[in-house]
Each structure stands twice: as C-alpha cells, then as structure tokens.
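> have a look at this prediction, sequence included:
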Amino acid sequence: MASPQGSGAPLEFGGPLGAAALMLLLPATMFHLLLVARSGPARLLGPPPYLPGPEVLWSPQMLLLWFTWLGLQAALYLLPARKVAEGQELKDKSRLRYPINGNPIYDFFLGRELNPRIWSFDFKYFCELRPGLIGWVLINLALLMQEAELRGSPSLAMWLVNGFQLLYVGDALWHEEAVLTTMDITHDGFGFMLAFGDLAWVPFTYSLQAQFLLHHPQPLGLPMASVICLINAVGYYIFRGANSQKHTFRKNPSDPRVAGLETIPTATGRQLLVSGWWGVVRHPNYLGDLIMALAWSLPCGVSHLLPYFYLLYFTSLLVHREARDEQQCLRKYGLAWHEYCRRVPYRILPYVY
Ligand SMILES: NC(=O)C1=CN([C@@H]2O[C@H](COP(=O)(O)OP(=O)(O)OC[C@H]3O[C@@H](n4cnc5c(N)ncnc54)[C@H](OP(=O)(O)O)[C@@H]3O)[C@@H](O)[C@H]2O)C=CC1
Ligand SMILES: CC(C)CCC[C@@H](C)[C@H]1CC=C2C3=C(CC[C@@]21C)[C@@]1(C)CC[C@H](O)C(C)(C)[C@@H]1CC3
C-alpha cells in the first residue's frame, strides 16, 4: 500500500485548514439541502426551515439497515464470478513509506493510503462504484414510487430525472474497468473525502432533484421534455465518447478505433491524444458530464435554485479537479504538456474556458 502523495508534494484542498473546513461544511450542506428540499419554499439560501432533533438523526434500525446494505454490496463485490482487470502501475512501484509527523487533519481528509485493502477487498474501489451509486438509484426509485402513491402516477419530470440518472449509474457500472484510470483511484487516498463522498454525498445530494420533485411537483410538457432528452443525449454522447476514447487509447494505442488519432510523444514513453475528443478541449469528458448535469436539473423548472445545486457544485468540483489534474500532468509530462496546452488551449468549454 502506498501513500497518495510524496512527502514533498504541494498540499491540495487548501491544506489542513481547507480540509478541516470541508469536513464540517460537507455534512452540514448535505443536511441543509435535504431539509430545504422538503420544505415548502425550498429556498437554497438562508437558514434551514427547522432543525431535526437527535431522535430523528439516530436510529439503531437505520444503522442496521445501512450496515446490511454495505454488507450486501460487499458480499456481491466478493463474488468470484467477475473479470479481473489490471490497474495502472503506481508511481512508487509498491515501495512502502513510513510517514513521520504527518498532518493528521489533512491526511484524514485526503487519506493516507492510496489503495487500502484487506486481501483482495479494495475499500476505495468498492465504495466508489457500488453502495453509493446504486443507493442513489434506489433512493430515486423510492421517491418515484412515493410520488406515484401520493399523486396516482409519477410525473414526467420524475421519470426523466430517474431515467437520466439510471443511465449515468448504469453506464458507470457497465464501464466499471474505466474507473481504474480516474484520479480517485490513481491519485487520491481513501480518506474522509471519498468515504463520505461515495457513501453519503452521492446517494443523498445527487438524488436532490427527485427529492425536490416529490415535494414540489412541476408541470412539464412533451416538447420541453424532448428538448431536455436531447440535451442529456448530447451530454452523454460527449461524456462516453471522450472517456472511452482515452480508456481505449491508454489500454492499447494501436487499437484500430484510436490508432488514427494524432498524438504528442512524452518523455515518459506515454503519448497524449491531440485529436479526436481530446483535441477539442483538454477535458471533453467534463464537458459532457456538465451538459448532463444541466439536463438533470431542467425537469425541475426554473422557479427554484435548489435543483440546480448539483450543477453548481459539480461545476466547481470539475473546475477544481481540472486544475489539480493539470498540475499532475505538468509534473508527469513537463514540456509535452505545455505543447498539448498550446495546441488545445481550452480546458472544458471551447472558446470560453
Ligand atoms: N459525477 C461525479 O460526481 C463525478 C464525475 N467525474 C467524471 O469522472 C470521469 C473521470 O474524471 P477524472 O478522473 O477527473 O479524470 P480523467 O478521466 O479526465 O483523466 C485525467 C487523466 O487523463 C490523462 N489524459 C489527460 N489528457 C490526455 C490526453 N490528451 N490524452 C491521453 N490521456 C490524457 C492523464 O492521465 P494519464 O496520462 O496518466 O493517463 C490525466 O491525468 C470524468 O468523466 C468526470 O466527468 C469526476 C468527478 C466527479
Ligand atoms: C464530498 C466532496 C464534495 C467531493 C466528493 C467527490 C466524490 C463524490 C466524487 C469524486 C469523483 C467521483 C466519481 C464518481 C462519483 C462521484 C465521485 C466519487 C463516478 C463514480 C460517477 C460515475 C461516473 O461514470 C464515473 C466516471 C465512474 C465517476 C468517477 C468519479
């Protein structure tokens, strides 16, 4: 097991202060959003409508349910009938490090261990895809069924939100192997950020649109619904195209699907794609993801800011993530990265950013 950052690497997320603030702010934000989504005015800004007592927050049955859910996912994860894929070679070539006087708050937030495992059970990989993502879809489905109970049938807006997000999660599970090349697996440790992010933040804040629709029904006609479906389809096309292109190229650069693309050689022996999706902007997959995020909020209308929380949060997450990735690529590829930036000047949105 390796530490995600070398001892000399610059601190990210604002260092220990930023990490401490995030660990307080993130759970508070999550609760705030859920409380607001259930309240009449659904006002994103301002104080929460009420504060639930501890008896609402703590229940042994819920804890049991949560551990049963994790246990079920863990049992499925351990099933022997699965494909075994090779991950990225780690920078440290599996040399052990023994950190002395590490920074406890920062390390707790980002995680000291890159790939904590017990035998073949990989905690980070397990949490990244299974309990939270599938939990998100189940929460959405429960909200859809509750709406059907309340109003006779689920609304068109609820169908769209459920369908789009099911497609997103289904896609992640279908392309499970591609998660091995994401920054979370190759760079970030398994600390508060990913544990909380995967297990709580994703299922509870990513399902906010469905929560909102249950408590604030929105009229949606077929023409508008078709436009929203088109936006989601465009986003998905870009997201999937860009991710698959890079994944295929990284696995086998002479694969006929990517062999014709123009590349820049780097001193590491790896190449950077400079045509195809990765020649349009430096993070085409983020662009597609953001377009989909917009399509998930639009069925909720434009009367409230709350359903757009995901779009706002996700934009800032991806802008920050892009900057972190840029630093890592600069360290990895040096001059070749400068050349890539010269040839592909825009980061996420062509001619804008
Ligand atoms: N829904 C959500 O909450 C979130 C979703 N995501 C999604 O996860 C997916 C993965 O994102 P993420 O892990 O951030 O990063 P990417 O999949 O974009 O991977 C970045 C890496 O790709 C490689 N790369 C960059 N440019 C090129 C190029 N031109 N040619 C070839 N390789 C290149 C570099 O690594 P190397 O050269 O070492 O291969 C770089 O470090 C994205 O689709 C993103 O939208 C991300 C965060 C949150
Ligand atoms: C709590 C903090 C504010 C931030 C936590 C960030 C995490 C929630 C996200 C970091 C990267 C993620 C990815 C996905 C889900 C959200 C987190 C964990 C992802 C699994 C979603 C599905 C996609 O298809 C993907 C490409 C597999 C995603 C990988 C990154």
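Looks like it came in fine. Ligands and ions are numbered 1, 2, ... in the order given.
> report how many residues lie close to Pro52.
By other CB atoms under 10 Å, 11 other residues sit near Pro52. All C-beta spots, glycine's among them, are computed from the backbone N, C-alpha and C.
> and for the residue in the stretch 101-250 of the chain positioned nearest to ligand 1, nearest residue in space, chain neighbours not counted?
Per CB to the nearest ligand atom, the residue of the stretch 101-250 of the chain with the smallest distance to ligand 1 is Thr182, at 3.3 Å. Leaving aside its sequence neighbours, Thr182 sits nearest to Glu128 (CB to CB, 6 or more residues apart in numbering; 7.9 Å).
> contacts for the helix or strand harbouring that neighbour?
Secondary-structure assignment from DSSP states H and E places Glu128 in helix 123-129. Helix 123-129 is contacted from outside by 73-74, 77, 115-117, 172-173, 176, 179-180, 182, 184-185, 190, 194-195, 198-199, using CB atoms under 8 Å, 6 or more residues apart in numbering.
> just stretch 221-234 next, same as before
Counting by CB under 8 Å, 6+ apart, the neighbours of stretch 221-234 from elsewhere in the structure are 156-157, 160, 164, 167, 288, 291-292, 294-296, 298-299.
> still on that earlier bit, do the helix holding Glu128 and ligand 1 meet?
No: shown here: helix 123-129 not in contact with ligand 1 (CB under 6 Å from any ligand atom), separated by at least 10.1 Å.
> that helix - what's its average pLDDT?
The predicted model assigns helix 123-129 a mean pLDDT of 90.
> chain center to it: distance?
Averaging C-alpha positions (CA atoms, centre = their mean, to the nearest Å) puts helix 123-129 12 Å from its chain's average.
> what about the residue nearest to Thr182, how many residues close to it?
Neighbours of Glu128 using other CB under 10 Å come to 23.
> let me know the outermost residue of this structure.
Gly152 (33.5 Å; CA atoms, centre = their mean).
> which residues touch it?
Per CB under 8 Å, 6+ apart, neighbours of Gly152: none.
> same check, this time on Ile291
With contacts taken as CB under 8 Å, 6+ apart, Ile291 has the following neighbours: Ile231, Asn232, Val234, Gly235, Ile238, Phe239.
> now do the SS call for Gly46.
Secondary structure assignment for Gly46 (DSSP: H, G, I helix; E, B strand; the rest coil): coil.
> burial of it, as a residue count?
Counted with other CB under 10 Å, the burial measure for Gly46 works out to 9 neighbours.
> thanks again, I'm all set now.
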